[in-house]
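[1] Fold the following, please.
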Amino acid sequence: MPQQLPSFFNPFWGSLTKGPANGQCAYAALYATMTSTTEFTADVVKGANSMKRSMYTLMLANLANDVECKVVDPCRELRRLYPT
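    Modelled structure (predicted):
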């Protein structure tokens, strides 16, 4: 562990924990910081997945407003993602 890490965590009463390396580590880390979780159990995974679904729901709800305000052009995004 880098020497600076314990110095950084001390003022926040923080600690290191290991999470699943399954591509969902960002959501697991966010959930862990929001709930002071230090161990990953089945209930923690359910909570992290629930939070992830809530975030996706919010993003999709805002997408309609973004399209209406012309912040996002869905046709241009499709062409960018799937060029012919």
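
[2] quick one: which helix or strand includes the residue nearest to residue 73 when sequence neighbours are not counted?
    Excluding the flanking residues, the one nearest residue 73 by C-beta to C-beta, 6 or more residues apart in numbering is residue 67, at 7.6 Å. No exception for glycine: its C-beta is placed from N, CA and C like everyone else's. Per DSSP states H and E, residue 67 falls inside helix 42-68.

[3] Could I get the buried residue list for that helix?
    Neighbour-count burial for helix 42-68, counted by 16 or more other C-beta atoms under 10 Å, picks out 44, 45, 47, 48, 51, 52.

[4] which residues does the nearest residue to the last one once chain neighbours are set aside contact?
    Residue nearest to residue 52 in three dimensions, not counting chain neighbours: residue 27, with 4.6 Å by C-beta to C-beta, 6+ apart. Shown here is residue 27, whose contacts under the criterion C-beta atoms under 8 Å, 6 or more residues apart in numbering are 48, 49, 51, 52, 55.

[5] hang on, the earlier thing: name the next helix or strand downstream of the helix holding residue 67, please.
    Next along from helix 42-68, by DSSP H and E: helix 74-81.

[6] what's the average pLDDT for that next one?
    The average pLDDT for helix 74-81 rounds to 95.

[7] where does this structure dip in pLDDT?
    Applying pLDDT under 70 to the chain flags the ranges 1-3, 5-6, 15.

[8] In it, which residue is most central in space?
    Central residue of the chain (C-alpha atoms, centre = their mean): residue 27, 3.5 Å from the mean position.

[9] Now it: which helix or strand?
    Going by DSSP H and E, residue 27 is in helix 25-35.
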